[in-house]
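# I'd like to go over a predicted model; first the sequence, then the structure.
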Amino acid sequence: MSDAEISALLAIWSAVGILAEVPSGAIADRFSRRGCLVVAGLLQAAGYALWVLLPGFPGFAAGFVLWGLGGALVSGAQEALLYDGLDALGAAEHYGLVQGRVVAAGLLGQLPAAGVATVTFALGGYPLVGWVSVGVCLATALLASRLPEPPRGEPEDGYLTTLRDGLAVAASRPQLRIAIVAAAVVGGLDAVEEYFPLLTEKAGVPIAAVPFAMLPITLAGVAGAALGGRANHLGPRVLGLVLGAAMVLFGAAAVVPGPAAVAVVAAFYGLYRTVLVVVDVRLQERIEGPSRATVTSVAGLGVELAGLAVLGAWATGGGLLVAALWLVAALALPRTLRG
């Protein structure tokens, strides 16, 4: 695969995710949030299988399309399934605590997965890694099928009406619009994770040791996400200060010499992950009615676009420019979280 082909594949993956984000949320609202999670696992399993069976540009392109569709189906559906499930039990106030644990578990799962992938590749090369990935996705789909989904009544409207109503809800309520923008801007910052290996390498960490240097950063993100639910009681000004402190740390990571930069990035990531969970909680609290997945997917679309802005800012001015721009966002965060 040439560099141009790899870039084209990544562009396909990104475009599919952006285009399918909101329509997939309406699918979850019209049909089944749990069903979307199951289908997402099956699509991603099929995508990995194509990569193994057709290891060329067409096969990889088809696999990235399926992967992008699977990711879009999860976004919005997962949050809606969890929030409405808790709400049906009279426990909606615990959404932040549970969602924080879900995010933390996802981050923590990266650590053993990386180790298993290394051993698997050494034993059976690319094909074995691919088939194990297929198995993991199928197991994910099976587990998702066992998740409880509260009844929402027999839908009376068609898919297009569900999509239109969800977009209308997102656009017509001022406080909800503000929460969507906040979730998009804060969530898009997660794109900086792609640059963590570069930051550790620039800090003087040998390339072979970069995966080990990433360990404290990941663990800090796990801790931050796990604490996010408990931080939901903090006031808007305090949360704005937390995000502002995180951005100062991120900017400092670009100039701090030596391995200390890794510790600074880890501190940034922990604080950022805490705020990210809280912003999601505040968004869910402002959504009313049956369009939760669609509205959350609108925010997810904003996250994708804000992530592209992060990549552009980094290409233009590096980590310092990203830190400066999102520090401005931190100053505006208290207003978006109020009410």
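Right, received. Where do you want to start?
# can we go C-alpha only for contacts and neighbour counts from here?
Noted.
# Look at residue 110 and say how many residues are nearby.
The tally of other residues near residue 110 (other Cα atoms under 10 Å) stands at 13.
# wait, I meant residue 229
23.
# Next, give phi and psi for it.
Residue 229 has phi and psi values of phi -60, psi -40 when expressed as degrees, to the nearest 10.
# and it, what is it in contact with?
Contact analysis of residue 229 by Cα atoms under 8 Å, 6 or more residues apart in numbering lists 94, 95, 96, 97, 98, 99, 100, 274, 277, 278.
# residues of stretch 226-237 that come out buried?
In terms of neighbour count (16 or more other Cα atoms under 10 Å), stretch 226-237 has its buried residues at 226, 227, 228, 229, 230, 231, 232, 236, 237.
# Adding distance to residue 219, write those out as JSON lines.
Formatted as JSON lines, those follow (distance: Cα to Cα, whole Å):
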{"residue": "226", "distance to residue 219": "11"}
{"residue": "227", "distance to residue 219": "12"}
{"residue": "228", "distance to residue 219": "14"}
{"residue": "229", "distance to residue 219": "17"}
{"residue": "230", "distance to residue 219": "18"}
{"residue": "231", "distance to residue 219": "18"}
{"residue": "232", "distance to residue 219": "21"}
{"residue": "236", "distance to residue 219": "26"}
{"residue": "237", "distance to residue 219": "26"}
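# Show me those residues that map onto strands.
Among the buried residues of stretch 226-237, no member falls in strands (DSSP state E).
# Next, format those as CSV and append distance to residue 174 and pLDDT.
Shown next, in CSV, are these (distance: Cα to Cα, whole Å; pLDDT from 0 to 100):
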residue, distance to residue 174, pLDDT
226, 30, 95
227, 29, 94
228, 25, 92
229, 25, 85
230, 27, 87
231, 25, 90
232, 21, 85
236, 18, 88
237, 20, 91
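# Which of the residues you listed sits closest to residue 87?
Of all the buried residues of stretch 226-237, residue 87 sits closest to residue 229, with 15.9 Å by Cα to Cα.
# Tell me how far that closest one lies from residue 66.
Separation of residue 229 from residue 66 (Cα to Cα, to the nearest Å): 32 Å.
# That'll do, ta.
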